[in-house]
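> Fold the stuff below for me.
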Amino acid sequence: MIMESLIIQAKSMQTELIALRRQLHRYPEIGYQEYKTSQFITDKLKEFGIKIVPLRGQTGVVGILQGGKKGKVVALRADIDALPIQEETGVDYQSQHPGVMHACGHDAHTACLLGAAGLLSQRKEELNGMVKFFFQPAEELLGGAQSLIDQGALRNPAVDVIFGLHTKPDIPVGKVVLHPGPLMAAVDVIRITVKGKGGHGAMPHTTHDPIMAAAAIIQGVQTIVSRQVNPLEPAVISFGSIHGGDANNVIPEQVEIWGTVRTFSPQLRSEMPERLRSLVASIAAAMNTEADIMYRCDLPAVINPANLQAFCRESLEKVFGVDGFASAMPCMGGEDFSIYQQQVPGVYLWLGTGSSAVGMDLQWHHPQYNIDEAAISYGAAALAQLAVDYLR
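Predicted coordinates for the structure are as follows:
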């Protein structure tokens, strides 16, 4: 029996998919606290006849759908956690949890994957292999992907390929971004502790002022990007936190600065710690202070393998049409989907969810962030289509 196309079938489920997304949106939970979210997902997967894999962690869900024939294993991934943001959308399905909001589209990702699970469960006998559904906790905390991997999600049986998607508010509904190569940046954390000699603010000549040194360091390290890195090579160094002193007229003993480093190139990423240490030490010494650096590598870059692009494009044309592919610049934001890509081939998509006509074009992490919910059927169909075609 030839079934109707996945996108037509997904659009016929639009009301149900929107209801799923709104239920998730009303009750957001932050990383590793997604207890009710995980139970909601588990219940829906069981309705679809999808087997639930026991996990050691308290949140997150992995489901398995075995097709009619043995074959390869495809994983489909969505993240399920929310952000500590007070929602200001004013919609009737606004967050019921004060100070917590789905401001990055993870509720939509989850609804898309639940939709894909429903679509695929109806075609179970057509599948030449297995589909694993990863509903991952704590993406915003950067550790959720690794937690699922550590619990064996990519094993028993081994995953051959993984696909995922993210909402993209500046891309209109009905479009998708399929970008080969680097898509989202590596994420590293730096903490610089500047140590000096404190004293009276009215007698700075008797001190070694760590605040002045910190100011010089914050400005000086920007020359790494502007003067040491090839202008055609993306890199960002930003500081988001600085703390030192307790009184307006007291020069403190030390100042602590926290920042982030973003790169695409693995080679450049490997060079950044030493470049920072060398420059920061020199600036600190020039101002009669000392500086210690903690440099922590958190996430590698999301890099889509070129050898999967032709397959993905042919598959996704069935959902979005030949004119449904949008172009977008890579983003210096990070995503822990990259952790899976370190283990197995994987492609990450940007799903168009924007509609400027109704104000659905605010960027991620904004308190008024929202999506055009017509995008959910496209996301569900896209994930399901990639699984069906890869298993063929």
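> in the sheet, who's paired with residue 193?
residue 256, residue 292 (DSSP bridges).
> my read: it touches residue 291, true?
Yes - using Cβ atoms under 8 Å, residue 193 makes contact with residue 291 at a distance of 6.7 Å. For every residue, glycine as well, the C-beta is placed using N, CA and C.
> okay, the two: which has more neighbours?
Between residue 193 and residue 291, counted using other Cβ atoms under 10 Å, the more crowded position is residue 291 (26 against 17).
> pretty sure that one is touching residue 190, no?
No - using Cβ under 8 Å, residue 291 is not in contact with residue 190, being 11.1 Å away.
> Scan the protein for its longest helix.
In the chain, taking DSSP state H as the definition, the longest helix is helix 266-286.
> what mean pLDDT would you report for stretch 372-388?
Averaged over stretch 372-388, pLDDT sits at 98.
> same check, this time on stretch 184-200
98.
> Grab the CA positions of the helix or strand residue 348 falls within and hand them over as PDB.
Assessed by DSSP states H and E, residue 348 sits inside strand 346-354. This file holds the C-alpha atoms of strand 346-354, laid out as PDB (Å, rounded to 0.1, in the frame of the first residue of the first chain):
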ATOM      1  CA  GLY A 346      25.200  13.700  11.800                       C
ATOM      2  CA  VAL A 347      23.500  16.600  10.100                       C
ATOM      3  CA  TYR A 348      21.900  19.500  11.900                       C
ATOM      4  CA  LEU A 349      19.200  21.500  10.200                       C
ATOM      5  CA  TRP A 350      17.700  25.000  10.800                       C
ATOM      6  CA  LEU A 351      13.900  24.900  10.500                       C
ATOM      7  CA  GLY A 352      12.200  28.100   9.400                       C
ATOM      8  CA  THR A 353       9.800  29.200  12.100                       C
ATOM      9  CA  GLY A 354       9.600  32.900  11.400                       C
END
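> tell me the angle of the helix or strand just after it relative to strand 346-354?
Downstream of strand 346-354, the first helix or strand assigned by DSSP H and E is helix 375-391. For helix 375-391 against strand 346-354, the angle by axes from the mean of the first three to the mean of the last three Cα atoms, to 10 degrees is 160 degrees.
> Show me what helix 375-391 is packed against.
Applying 3 or more Cβ pairs under 8 Å, 6 or more residues apart in numbering; DSSP states H and E, one finds that helix 375-391 makes contact with helix 6-12, helix 14-26, strand 69-79, helix 106-121, strand 128-136, strand 161-172, helix 309-320, strand 346-354.
> list the contacts for residue 344?
Residues near residue 344 by Cβ atoms under 8 Å, 6 or more residues apart in numbering: 75, 154, 159, 160, 161, 162.
> okay if I get these as CSV plus pLDDT and neighbour count?
Conversion of the contacts of residue 344 to CSV gives the following (pLDDT from 0 to 100; neighbours: other Cβ atoms under 10 Å):
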residue, pLDDT, neighbour count
75, 99, 23
154, 98, 20
159, 98, 21
160, 98, 17
161, 98, 21
162, 99, 23
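> returning to that earlier point: show me what the mean pLDDT comes to for the strand holding residue 348.
Averaging pLDDT residue by residue across strand 346-354 gives 98.
> Look at residue 83 and say how many residues are nearby.
Using other Cβ under 10 Å, residue 83 has 20 other residues around it.
> what's the spacing between the residue nearest the centre of the chain and residue 144?
With distances taken as Cα atoms, centre = their mean, the residue of the chain nearest its centroid is residue 335 (3.1 Å). With the distance defined as Cβ to Cβ, to the nearest Å, residue 335 ends up 11 Å from residue 144.
> try residue 97
Distance from residue 97 to residue 144, by Cβ to Cβ: 19 Å.
> Tell me which of the two has more neighbours.
Using other Cβ under 10 Å, the more surrounded residue of residue 97 and residue 144 is residue 144, with 27 against 14.
> pretty sure the more buried one is in contact with residue 61, am I right?
No - the criterion here is Cβ under 8 Å, and residue 144 misses it with residue 61 at 11.8 Å.
> what's around the residue lying closest to residue 31 once chain neighbours are set aside, how many residues?
What sits nearest to residue 31 in space, not counting adjacent residues and going by Cβ to Cβ, 6 or more residues apart in numbering, is residue 138, at 3.3 Å. By the criterion of other Cβ under 10 Å, residue 138 has 24 neighbours.
> Equivalent analysis for residue 388, please.
Residue 388 has 23 nearby residues by other Cβ under 10 Å.
> residue contacts, residue 13?
Taking Cβ under 8 Å, 6+ apart as the test, what residue 13 contacts is 115, 118, 119, 377, 380.
> what pLDDT does it get?
97.
> Provide a list of residues in contact with residue 370.
89, 91, 359, 360, 362.
> now do 10 Å
Applying Cβ atoms under 10 Å, 6 or more residues apart in numbering to residue 370 gives the contacts 25, 87, 89-91, 93-94, 102-103, 105, 108, 167, 169, 353, 355, 358-362.
> that older thread, quickly list what's touching both of residue 291 and residue 190.
Residues touching both residue 291 and residue 190 (Cβ under 10 Å, 6+ apart) are 257, 276, 277, 280.
> hang on, the earlier thing: I'd like the helices and strands packed on helix 375-391 written out as CSV, with distance to residue 149 added.
Output for the helices and strands packed on helix 375-391, formatted as CSV (distance: least, Cβ to Cβ, whole Å):
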stretch, distance to residue 149
helix 6-12, 28
helix 14-26, 24
strand 69-79, 11
helix 106-121, 18
strand 128-136, 10
strand 161-172, 11
helix 309-320, 23
strand 346-354, 12
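> how much space between the nearest residue to residue 307 once chain neighbours are set aside and residue 156?
Leaving out its chain neighbours, the residue that sits closest to residue 307 by Cβ to Cβ, 6+ apart is residue 345, at 7.9 Å. Residue 345 sits at a distance of 19 Å from residue 156 (criterion: Cβ to Cβ).
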